[in-house]
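Colleague: I'd like to go over a predicted model; first the sequence, then the structure.
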Amino acid sequence: MVFRRLLRKRWVLGVVFGLSLIYFLTSTLKQEERTIRDRTLLEVRDSDHHIQWKVKFILGNSSRQISQCRNSIQGKSLLTDELGYVCERKDLLVNGCCNVNAPSSSQYVCKSCLANGCCSVYEYCVSCCLQPDKQPLLERFLNRAAEGFQNLFTAVEDHFELCLAKCRTSSQSVQHENTYRNPQAKYCYGESPPELLPI
């Protein structure tokens, strides 16, 4: 009851409003400072950001043991490792690399990929993209990417990460934000979007 009477007084409402306004303004300014700082970091990183195109180790050409391999992780039955090998999940070694001696393992597989660089299987897209001869195509893409794309790709450190990111379905793969331009070839590493199939 005392609390209700206190809230009905104008000066109490004025104090509550004033404190709320101060809180709102300080949090907005802090958010603006964070945004400016993040933008500055991205611009600084863009100027000296270079993709590593060479794989650090090559199976078969090295006598040292490979400690770890990154792979595409998400595939239900297939995986692609950072050396470009595609293998069945059961043929993945404990270090994350595909077992190159397994019958299912192949390097730089472009099965299901069209001439425009669009594939129907994500793992084949990543493997095909990792071919050394695709480097000029990817460099052209990075040089011509819109500013929004450049911010997305600043987190990419090397060729493998670029291919993982590029092959994921993007806005270029869809039409009207809810339909694939080509449902059979929706994972693309190439420069052009998938061809639009008639419905």
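Modeller: That came through fine. Only a predicted model underlies this, so the values are computations on that prediction, with no experimental measurement involved.
Colleague: ranges for the helices of this structure?
Modeller: For the chain, the helices defined by DSSP state H occupy 2-8, 10-48, 122-129, 135-144, 147-153, 159-167.
Colleague: for the first one, what is the average pLDDT?
Modeller: Averaging pLDDT along helix 2-8 yields 67.
Colleague: would you confirm that Ser127 contacts Tyr85?
Modeller: Yes - in this structure, Ser127 is within contact of Tyr85 by Cβ atoms under 8 Å, at 7.2 Å. In this view, the C-beta of every residue, glycine as well, is placed from N, C-alpha and C.
Colleague: mutual contacts of the two, please.
Modeller: When contacts are counted by Cβ atoms under 8 Å, 6 or more residues apart in numbering, Ser127 and Tyr85 have 106-107 as shared neighbours.
Colleague: for this protein, which helix or strand comes out least confident on mean pLDDT?
Modeller: Scoring the helices and strands of the chain by mean pLDDT, DSSP states H and E places helix 147-153 at the bottom, with a mean of 60.
Colleague: could you give the number of residues near Leu29?
Modeller: 10 (other Cβ atoms under 10 Å).
Colleague: please disregard the earlier target; I meant Cys87.
Modeller: Neighbour number of Cys87 under other Cβ under 10 Å is 28.
Colleague: from what I can see it touches Leu79, true?
Modeller: Yes - checked against Cβ under 8 Å, the pair Cys87 and Leu79 is within contact range at 6.1 Å.
Colleague: quickly list what's touching both of the two.
Modeller: Shared contacts of Cys87 and Leu79, defined by Cβ under 8 Å, 6+ apart, comprise Cys98.
Colleague: pLDDT weak spots in the chain?
Modeller: By pLDDT under 70, the low-scoring segments of the chain are 1-4, 6-7, 34-66, 145-155, 169-171, 198-199.
Colleague: in it, which residue is most central in space?
Modeller: Ala165 (3.2 Å; Cα atoms, centre = their mean).
Colleague: grab the nearest non-local neighbour of that one.
Modeller: Val156 (5.8 Å; Cβ to Cβ, 6 or more residues apart in numbering).
Colleague: number of nearby residues for that neighbour?
Modeller: Neighbours of Val156 using other Cβ under 10 Å come to 18.
Colleague: same question for Val86.
Modeller: Count around Val86 with other Cβ under 10 Å applied: 27.
Colleague: hang on, Leu78 packs against Glu88?
Modeller: Yes - Leu78 is within contact range of Glu88, at 6.3 Å (criterion: Cβ under 8 Å).
Colleague: more crowded one of those two?
Modeller: Leu78 (21 against 16).
Colleague: so how far is Asn178 from the closest residue to the more buried one other than its chain neighbours?
Modeller: Closest residue to Leu78 apart from its sequence neighbours, by Cβ to Cβ, 6+ apart: Glu123 at 4.3 Å. To Asn178, Glu123 is 25 Å away according to Cβ to Cβ, to the nearest Å.
Colleague: ok, those two, which is more surrounded?
Modeller: The residue with more neighbours, out of Glu123 and Asn178, is Glu123; 25 against 6, by other Cβ under 10 Å.
Colleague: Ser105 - nearest residue in space that isn't next to it in sequence?
Modeller: Cys87 (4.2 Å).
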